[in-house]
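[1] What follows is a protein structure lacking sequence information:
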């Protein structure tokens, strides 16, 4: 990503136009008066591979094309652990309660400058989707197909951990 395309143009303290400067080995946007630097650090995202009644819940975001399903994801909030955050996101997006939470792994998602912290979450309750999600599927673990990016790699690692060989599919190009 071009440094000028990150959305920051002015110092949040003095409103001076930001200027590119090399700090360490990278170019950063900085305030010429030294008030502020945009470090452009990756954003932590939580992902839940949700096991519900022996199957895996995949959901389709309202902004995605038909037949495009993924894990439940969301952003961490201040003053919560990743485990608390993934349980909160699960409740907000599906109405399910997390019964057990286990780390799968941490995955890069450079296209969106995100760091995905993925968990296997055993859940219970009644599924009721938030307005962010249009539909869901419950898939037997042996029928899951992973995709070649962030949460897809988490799914593949989870499958390998259960002695299953992951198969990969292409994620639609327009999503």
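    Thanks, I have it. Predicted, not measured: the structure shown is a model, and the values here were computed from it.
[2] Pretty sure residue 142 sits in a helix.
    Yes - assessed by DSSP: H, G, I helix; E, B strand; the rest coil, residue 142 belongs to a helix.
[3] Which positions are bridged to the most centrally placed residue in the chain in the beta structure?
    Centroid-nearest residue in the chain: residue 45, 4.1 Å away (criterion: CA atoms, centre = their mean). Applying DSSP bridges to residue 45 gives these bridge partners: residue 75, residue 116.
[4] just checking, it touches residue 115?
    Yes - here residue 45 reaches residue 115: they are 6.9 Å apart, a contact under CB atoms under 8 Å. C-beta here means a position set from N, CA and C on the backbone, and glycine is covered the same way.
[5] Now for the two: what residues contact both?
    residue 109 (CB atoms under 8 Å, 6 or more residues apart in numbering).
[6] what's the distance between the residue nearest to the centre of the chain and residue 10?
    Between residue 45 and residue 10 the distance is 27 Å, computed by CB to CB, to the nearest Å.
[7] With residue 104 instead?
    According to CB to CB, residue 104 stands 40 Å off from residue 10.
[8] Just list the residues touching the residue lying farthest from the centre of the chain, thanks.
    Taking CA atoms, centre = their mean, the residue of the chain most remote from its mean C-alpha position is residue 33, at 35.3 Å. Listed by CB under 8 Å, 6+ apart, the contact set of residue 33 reads 11, 14, 16.
[9] Which residue ranges of this structure form helices?
    Remark: helices assigned in the chain by DSSP state H are 82-94, 150-161.
[10] Give me the domain ranges for the chain.
    Per the record, the chain has its domains at 3-38, 43-169, by automatic domain parsing.
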